[in-house]
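Undergrad: fold the following.
(one chain, ligands or ions: 1)
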Amino acid sequence: MRTTMRRMSERQPRRDALMVTGKRFPVVMVEGQGSVLRDENGKSYLDFVQGWAVNCLGHAPAIVADAAAAQAKRLVHCGPIFYTAPLIDLASLIVDHSCLDRVFFTNCGAEANEGAIKLARKWGQKHRHGAYEIVTMENSFHGRTLATMSASGKPGWDKLFEPKVPGFVKVPLNDLSAVRDAMSNRTVAVMLEPVQGEGGVNLASVEFMQGLRDLARDEGILLIVDEVQTGLGRTGKLFAYEHFGIEPDVMTLGKGIAGGAPLGALVAREEVCCFEPGDQGGTFNGGALVTAIGAAVFREVSRPMFLAKVVRTGEYLTRQLQELAARHGERGVRGRGLLVALALASERATSVVDRAFEAGLLVNAPRPDVLRFMPALNVSEAEVDQMIDILDVVLRETRDA
Ligand code: PLP
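TA: Numbering: from 1, shown residues only. Now for the predicted structure:
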């Protein structure tokens, strides 16, 4: 009672009202436009993180604002027991532009992957004599629910929140014989990111992906690609699996698919869609508001001209970073499209991120010696130049420190 009264009388928004789950910079962000984010003191930041590869059209894009406003005035949500026009529209866009047949919408990437794991287990019960194990990759990241943490190969996570969900076997990325060795009659699927994002931008090789596709087909198991980070244009193709000349059985999406609104998707081949009524669902899944935003974003990103520009800007960013790396004696650059990493010569990525923040640039450090760049997909070359200029100074300062 006393606590309630104190809160009522103080009536001040307090940062310590939030649970601590990770580091936050000590600023309050208030607005953004395109590649620029602004805090409450009016300081601007050139944003090459974009809410962790989420704002694919940058901050406050008219496409998102208009779609949200129009839909919010008609219908925000009516629950998962009805069809709505935006729900059908976005599902159709995804299946018409991919090799897959049906969609289940989720609220985030982890929930999409959780759904993929459930779908694979159900499929294993029906078609593989109860097989349930999924082979996943070391250094992979699939989310923060218990099952997706268990599926992830993030170093250190194996000790967290024990006991884990059983049924995941980890192998090194790009090692096909390790996958073969990990398989047994319990195996139902292989699951991987075409480019490991949180793991430090590690690319699956074409041979590995094609080998996995053949192996999965020969053994009668499922190939699941987690495209939560790589999906919807991030790598210069609408879906990253297209780079490899393969077709997965299941794909998951998230992050950019609604340009900043919370939306994910589980997408699968017709023959794999074996959920029965009651197996999967959720209060908010596929709400009218988020799917309307998603459909507007999808139409923009799937334009061939838009994707061609992502490829060009990605190549430009890579070239500029390569020159920067050479000037500073850093280790090199890797990535695809606008998901790019700079490998540093020393473990100072966190200091670079902190110093860059002070200098008005947002970049991310997924590993102690790796910087990651995931700007808006419509970032300009001039903004890339601006980022390089700031980073040039920051790399020198942090090296000399
Ligand atoms: N899968 C991949 C490849 C990711 O990069 C992420 C998040 O970074 C996730 C899944 C989890 O998505 P979410 O944070 O939306 O649950």
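
Undergrad: just the pLDDT at residue 6, thanks.
TA: Reading off the confidence values, residue 6 has pLDDT 60.

Undergrad: same check on the one 10 residues further on?
TA: Residue 16 carries a pLDDT score of 90 in this model.

Undergrad: go on, residue 2?
TA: So residue 2 comes in at 54 (pLDDT).

Undergrad: contact partners for the closest residue to the ligand within the stretch 51-200 of the chain?
TA: Of all residues in the stretch 51-200 of the chain, the one sitting closest to the ligand is residue 109 (2.4 Å; Cβ to the nearest ligand atom). Heads up, the C-betas are built off the backbone N, CA and C, glycines and all. When contacts are counted by Cβ atoms under 8 Å, 6 or more residues apart in numbering, residue 109 touches 142-143, 226, 228-229, 252-255, 264.

Undergrad: and if you look at residue 89?
TA: So residue 89 contacts 291-292, 295 (Cβ under 8 Å, 6+ apart).

Undergrad: what ranges in the protein fall below the confidence cut-off?
TA: Counting by pLDDT under 70, the ranges of the chain that qualify are 1-10.

Undergrad: tell me how far the helix or strand where residue 181 lies is from the chain's mean position?
TA: Residue 181 belongs to helix 176-182 when assigned by DSSP states H and E. Centroid separation for helix 176-182 versus its chain: 26 Å, with Cα atoms, centre = their mean, to the nearest Å.

Undergrad: also stretch 378-388?
TA: 22 Å.

Undergrad: now that stretch - C-alpha only, CSV.
TA: Taking Å, rounded to 0.1, in the frame of the first residue of the first chain, the C-alpha atoms of stretch 378-388 are listed here in CSV:
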residue,chain,number,x,y,z
ASN,A,378,17.9,2.1,-48.4
VAL,A,379,21.0,3.6,-46.8
SER,A,380,22.8,6.0,-49.2
GLU,A,381,26.5,5.8,-50.3
ALA,A,382,26.9,9.3,-48.8
GLU,A,383,25.8,7.9,-45.5
VAL,A,384,28.2,5.0,-45.9
ASP,A,385,31.0,7.6,-46.5
GLN,A,386,30.0,9.5,-43.4
MET,A,387,30.1,6.3,-41.3
ILE,A,388,33.5,5.4,-42.7
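
Undergrad: could you number the chain from 469 rather than 1 from now on?
TA: Let's use 469 as the start, then, which means that last one is stretch 846-856.

Undergrad: residues of that stretch that come out buried?
TA: 846-847, 851-852, 855 (16 or more other Cβ atoms under 10 Å).

Undergrad: now tell me what touches that stretch from outside.
TA: 502-503, 514, 516, 525-526, 774, 777, 781, 784-785, 788-789, 792, 806, 829, 831, 841, 843.

Undergrad: one step back: separation between the residue of the stretch 519-668 of the chain closest to the ligand and residue 700?
TA: 12 Å (Cβ to Cβ, to the nearest Å).

Undergrad: do the same with residue 673
TA: 23 Å.

Undergrad: the more surrounded of these two?
TA: residue 700 (31 against 12; other Cβ atoms under 10 Å).

Undergrad: residues contacting that one?
TA: 524, 706-707, 721, 723-725, 765-766, 769.

Undergrad: 7 Å instead?
TA: 524, 706, 721, 724-725, 769 (Cβ atoms under 7 Å, 6 or more residues apart in numbering).

Undergrad: return the distance of stretch 486-505 from the chain's centre.
TA: Taking mean C-alpha positions (Cα atoms, centre = their mean), stretch 486-505 and its chain are 19 Å apart.

Undergrad: related to what we said a few turns ago, take the buried residues of stretch 846-856 and write them to JSON lines, including secondary structure and distance to residue 487.
TA: Shown next, in JSON lines, are those (DSSP: H, G, I helix; E, B strand; the rest coil; distance: Cβ to Cβ, whole Å):
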{"residue": "846", "secondary structure": "coil", "distance to residue 487": "34"}
{"residue": "847", "secondary structure": "coil", "distance to residue 487": "33"}
{"residue": "851", "secondary structure": "helix", "distance to residue 487": "34"}
{"residue": "852", "secondary structure": "helix", "distance to residue 487": "36"}
{"residue": "855", "secondary structure": "helix", "distance to residue 487": "32"}
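
Undergrad: neighbours of residue 745, how many?
TA: Residue 745 has 6 nearby residues by other Cβ under 10 Å.

Undergrad: I meant to write residue 660 there.
TA: 25.

Undergrad: one step back: out of the contacts of stretch 846-856, which end up buried?
TA: 502-503, 514, 516, 525-526, 774, 777, 781, 785, 788-789, 792, 806, 829, 831, 841, 843.

Undergrad: so which of these sit within strands?
TA: 514, 829, 841 (DSSP state E).

Undergrad: tabulate these (a markdown table), appending distance to residue 571.
TA: Below are those laid out as a markdown table (distance: Cβ to Cβ, whole Å):
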| residue | distance to residue 571 |
| --- | --- |
| 514 | 35 |
| 829 | 37 |
| 841 | 30 |
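
Undergrad: quick check on the closest residue to the residue of the stretch 519-668 of the chain closest to the ligand other than its chain neighbours: phi, psi?
TA: Spatial nearest neighbour of residue 577, excluding adjacent residues (Cβ to Cβ, 6 or more residues apart in numbering): residue 722 at 2.9 Å. Torsion angles at residue 722 (phi, psi; degrees, to the nearest 10) stand at phi -170, psi -140.

Undergrad: now swap in the one 5 residues further on and tell me
TA: Recorded main-chain torsions at residue 727 are phi 60, psi 20, according to degrees, to the nearest 10.

Undergrad: pretty sure it sits against residue 761.
TA: Yes - the criterion here is Cβ atoms under 7 Å, and residue 727 meets it with residue 761 at 6.4 Å.

Undergrad: next, the distance between the ends of stretch 563-577.
TA: 18 Å (Cα to Cα, to the nearest Å).

Undergrad: that'll do, ta.
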